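Asker: Quick one, what's the 3D model for this:
(chains A and B)
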Amino acid sequence: MTERPSLAVIGAGPAGLAATVAAAALGVRVTLLDSAAEAGGQFYRQPAAALRAGRPQALHHQWRTWEGLRGGLDAQVAAGTARHLTDHHVWLVERRTSPGAEGFTVHALLGPEQEKPVEVRADAVLLATGGYEKVLPFPGWTLPGVVAAGGAQAMLKGALAVSGRTAVVAGTGPLLLPVATVLAAAGVRVAALVESADPKAFVRHSRALAAQPGKAAEGARYAAGLLRHRVRTLVHHTVIEAHGTERLEAVTVAALDSTGRVRPGTGRRIPCDTLAVGHGMLPHTDLAETLGCRLDGLDVQVDDEQRTDVPGVWAAGETTGIGGAALSLAEGHVAGRSAAARLHGTAPDPRAWTAAAKSRARLREFAAALDDVYAPPAHWTDQVTDDTVVCRCEEVTGGAVREAVTELGAGDLRTVKLLTRAGMGWCQGRVCGPAVAGLAGCALTPSRRPFALPVPLGVLAHAGESENDDQ
Amino acid sequence: MSSPLDLARARPGPAFTVTLDGREIQALPGQTVAAALWAAGVTSWRTTRGGARPRGIFCGIGVCFDCLVTVNDRPNRRACLVPLHPGDAIRTQEGTGHDD
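Answerer: A predicted model of the protein is given here:
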């Protein structure tokens, strides 16, 4: 091969950045495509440049890791070994198999308008598409002022914006701690942090947790921050209703019993104008699915080298399973090195990534323990009344979903969708999927979506007509 | 009281004017539609197609499409993604945004 092989990395979060730097350093021409104006992904989401933040690290932790990643990317871009395409929203990755034209075409839409198409060709692709937040429904969750916990954090990190003066942070999962802490630091009164998990559940996983002293220290730092800002923490509690007419005015929280049911008579009303709520994370797998990659449950399945079962396609970070930024970094590093070796026609030497592989194994075990501890309350569907909107886009209620199951015999997500329109709207079921599955009593399975984003018909009509890489 | 701008020691350029349903509001360079509306105390800028219920930001990262709004007569823009420019006209979006 006379020309250096090329790799398209999709997503500039921790996994994509680590992979880009690793592969570019090993002589691969890397094109990093990302939808944001700045690298960083959700974890290291940067304030818009025009806001000229003098101290963006006040909104983050592990800032040094970010500086290392950004420095690594900058160096590769300056050396001409990598290019970083910002504001590129990838809607499809297409595999080309015709003789003499093997490889991949990455289809993206440019900028916030997402109408101008761009095609990027590469010999291989690495999917580092990250994840998004899962929020389970309850009465009032569609009121303005109720936001996803990660959404509140994203608005703060990216736009330096908060929506009100008094917030409740609720749900389950490790994300709630940094969200409550950063809201409080930004001047919002955090009236309560409401976590449905039972602290006793940690005891079952003491080994996995003890193997991560850094994580324990991180947790202790958040606890100290919450104490400093006088944030009341209610564990084994859940939000059962959000109140208001045109916008959020208060929430009712209640205690859970040992089986995960709401204890009658324990409800208390907390006035607030913001509810930041989340119940964990889901991986973005649309691009992998359309490429035909095998999924393991909801996660893209990868081997020890982070290869999917489709030749030429690697995956790293949250798309292979939710596990946090440190795991994403380890996976990205391995994926980048593996891709570089394979593109040069050699087998990689796993000794080159021993440290990353060890870290990956430990962090996966830790993520599995967290997943178990922070499972949503076992009987959360009891709180979804028949008139609670479940599918926000199509305004499908809990009652309609239940009717589809009990009266019409629907037994899976697709049938519920066909009978009720739940999941047929703008978000294509990304938000309501877990809720509909829970109410229907079936497993949450990945939806087959032909495109990862809405695509203008004109773009679709002309896709693939350009002969050359547009860049 | 501290604010997110203070916390990050932001020194944005001068504010500019945009309109929300004809009313003038101030926006900072770099702010998205959603950020400027939040800063102006507005949390809802859309009504749903079915129940005409108010909606604003939900996921904050472009996944949920709950924050759709009409910007410069173009409906269905995601307020959490679209940056503002001086003179932009934001309108509350009713239903699909194609009826008015």
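Asker: so what's A:Phe202 up against?
Answerer: By CB atoms under 8 Å, 6 or more residues apart in numbering or on different chains, the residues touching A:Phe202 are A:209, A:373. (C-beta placed from N, C-alpha, C; glycine too.)
Asker: And it, its phi and psi?
Answerer: The phi and psi values for A:Phe202, taken as degrees, to the nearest 10, are phi -70, psi -30.
Asker: could you measure it against chain B, distance?
Answerer: 29 Å (CB to the nearest CB, to the nearest Å).
Asker: where does that residue land on pLDDT?
Answerer: Predicted confidence (pLDDT) for A:Phe202: 76.
Asker: got it, and A:Glu113?
Answerer: 82.
Asker: Next: A:His229.
Answerer: pLDDT at A:His229 comes out at 89.
Asker: interface residues of the stretch 351-471 of chain A facing chain B?
Answerer: A:392-395, A:425-427, A:430-431 (CB under 8 Å from any CB of the partner chain).
Asker: Need the max-distance pair from the residues you listed.
Answerer: Pairwise distances across these peak at 16.2 Å for A:Glu395 and A:Arg430 (criterion: CB to CB).
Asker: more crowded one of the two?
Answerer: Between A:Glu395 and A:Arg430, counted using other CB atoms under 10 Å in any protein chain shown, A:Arg430 has the larger neighbour count: 22 against 18.
Asker: quick revisit: okay, and which of the residues of the stretch 351-471 of chain A next to chain B map to strands?
Answerer: With DSSP state E as the criterion, strands contain none of these.
Asker: Contact partners for the closest residue to chain B within the stretch 251-400 of chain A?
Answerer: Closest contact between the stretch 251-400 of chain A and chain B, by CB to the nearest CB, is at A:Glu395 (4.0 Å). Applying CB under 8 Å, 6+ apart to A:Glu395 gives the contacts A:389, B:48-51, B:53.
Asker: Check A:Ala210 too.
Answerer: A:Ala216.
Asker: re earlier: please name the nearest non-neighbouring residue to the residue of the stretch 251-400 of chain A closest to chain B.
Answerer: B:Gly50 (4.0 Å; CB to CB, 6 or more residues apart in numbering or on different chains).
Asker: Quick check: which ranges of the chain have low pLDDT?
Answerer: Looking at chain A here, since you left the chain open. Within chain A, the stretches with pLDDT under 70 are A:1-2, A:467-471.
Asker: The intended chain is chain B.
Answerer: B:1, B:100.
Asker: for it, what spans make up the strands?
Answerer: Using DSSP E, strands in chain B cover B:16-20, B:23-27, B:46-47, B:54-55, B:68-71, B:74-78, B:89-91, B:93-94.
Asker: Now do the fourth one: distance to the chain's middle.
Answerer: Per CA atoms, centre = their mean, to the nearest Å, the displacement of strand B:54-55 from the mean C-alpha position of its chain is 12 Å.
Asker: follow-up on the earlier one: out of the contacts of A:Glu395, grab the one that's most surrounded.
Answerer: Result: A:Val389 is most packed of the contacts of A:Glu395 (other CB under 10 Å), 24 neighbours.
Asker: show me what contacts it?
Answerer: A:137, A:141-142, A:395-398.
Asker: Taking these together, which two end up most distant?
Answerer: A:Trp141 and A:Val396 (13.7 Å).
Asker: Look at residue 91 and say how many residues are nearby.
Answerer: Using chain A. A:Trp91, neighbours per other CB under 10 Å, totals 22.
Asker: if you could check chain B rather than the one you did, that'd help
Answerer: B:Arg91, neighbours per other CB under 10 Å, totals 20.
Asker: quick one, what contacts it?
Answerer: B:20-21, B:69-71, B:73.
Asker: For PyMOL, write a command that selects the buried ones of those residues.
Answerer: A single PyMOL command selects the buried members of the contacts of B:Arg91 (16 or more other CB atoms under 10 Å in any protein chain shown):
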select buried, chain B and resi 20+69+70+71
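Asker: would a markdown table of the contacts of B:Arg91 with distance to chain A be doable?
Answerer: Listed next are the contacts of B:Arg91 as a markdown table, based on distance: CB to the nearest CB, whole Å:
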| residue | distance to chain A |
| --- | --- |
| B:Leu20 | 14 |
| B:Asp21 | 15 |
| B:Val69 | 12 |
| B:Thr70 | 14 |
| B:Val71 | 10 |
| B:Asp73 | 14 |
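Asker: ok, how many other residues are close to A:Arg55?
Answerer: 12.
Asker: So it sits against B:Arg9, correct?
Answerer: Yes. A:Arg55 is within contact range of B:Arg9, at 4.2 Å (criterion: CB atoms under 8 Å).
Asker: Enumerate the positions of the helix or strand where A:Asp372 lies that are buried.
Answerer: Per DSSP states H and E, A:Asp372 falls inside helix A:354-373. Buried residues in helix A:354-373, counted by 16+ other CB under 10 Å: A:356-357, A:359-360, A:362-367, A:369-371, A:373.
Asker: ok, now stretch B:9-27?
Answerer: B:10, B:12, B:16, B:18, B:20, B:25, B:27.
Asker: For the residues you listed, which two are the farthest from each other?
Answerer: B:Ala10 and B:Leu20 (22.4 Å).
Asker: can you map out the helices along the chain?
Answerer: The chain I'm using is chain A. A:14-25, A:63-78, A:149-159, A:176-185, A:206-210, A:213-228, A:286-291, A:325-343, A:354-373, A:398-406, A:413-420, A:433-440, A:457-462 (DSSP state H).
Asker: Chain B, not that one
Answerer: Going by DSSP H, chain B shows helices at B:4-7, B:33-39.
Asker: right, so the ones you listed: which one is the most enclosed?
Answerer: helix B:33-39 (a mean of 26; mean count of other CB atoms under 10 Å in any protein chain shown).
Asker: That helix: how far from the chain's middle?
Answerer: 5 Å.
Asker: I figured A:His236 hits A:Thr259, correct?
Answerer: No. The pair A:His236 / A:Thr259 is not scored as a contact, 11.4 Å apart, by CB under 8 Å.
Asker: Looking at these two, which one has more neighbours?
Answerer: A:His236 (19 against 8).
Asker: what about the residue nearest the centre of chain A, distance to B:Cys59?
Answerer: In chain A, the residue lying closest to the centroid (CA atoms, centre = their mean) is A:Gly131, at 1.8 Å. A:Gly131 is 12 Å from B:Cys59, where distance means CB to CB, to the nearest Å.
Asker: what residues are shared contacts of these two?
Answerer: If you check A:Gly131 and B:Cys59 against CB under 8 Å, 6+ apart, no residue is contacted by both.
Asker: ok, how many other residues are close to A:Lys215?
Answerer: Neighbours of A:Lys215 (other CB under 10 Å): 18.
Asker: Now do the nearest residue to A:Ala159 once chain neighbours are set aside against A:Ser163, distance only.
Answerer: Using CB to CB, 6+ apart and skipping residues adjacent in sequence, the residue nearest A:Ala159 is B:Ala35, 3.5 Å away. According to CB to CB, B:Ala35 stands 10 Å off from A:Ser163.
Asker: For the closest residue to A:Ala167 other than its chain neighbours, give me its contacts.
Answerer: What sits nearest to A:Ala167 in space, not counting adjacent residues and going by CB to CB, 6+ apart, is A:Thr274, at 3.9 Å. Going by CB under 8 Å, 6+ apart, A:Thr274 touches A:145-147, A:152, A:162-164, A:166-168, A:183, A:188, A:248.
Asker: rerun at 7 Å
Answerer: A:145, A:147, A:152, A:163-164, A:166-167, A:248 (CB atoms under 7 Å, 6 or more residues apart in numbering or on different chains).
Asker: in stretch A:111-122, what counts as buried?
Answerer: Per 16+ other CB under 10 Å, stretch A:111-122 contains these buried residues: A:111-112, A:114, A:117-122.
Asker: Make CSV out of the residues you listed and add distance to chain B.
Answerer: Shown next, in CSV, are the buried residues of stretch A:111-122 (distance: CB to the nearest CB, whole Å):
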residue, distance to chain B
A:Gly111, 9
A:Pro112, 5
A:Gln114, 8
A:Pro117, 17
A:Val118, 17
A:Glu119, 21
A:Val120, 20
A:Arg121, 26
A:Ala122, 24
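Asker: This completes my enquiry, with thanks.
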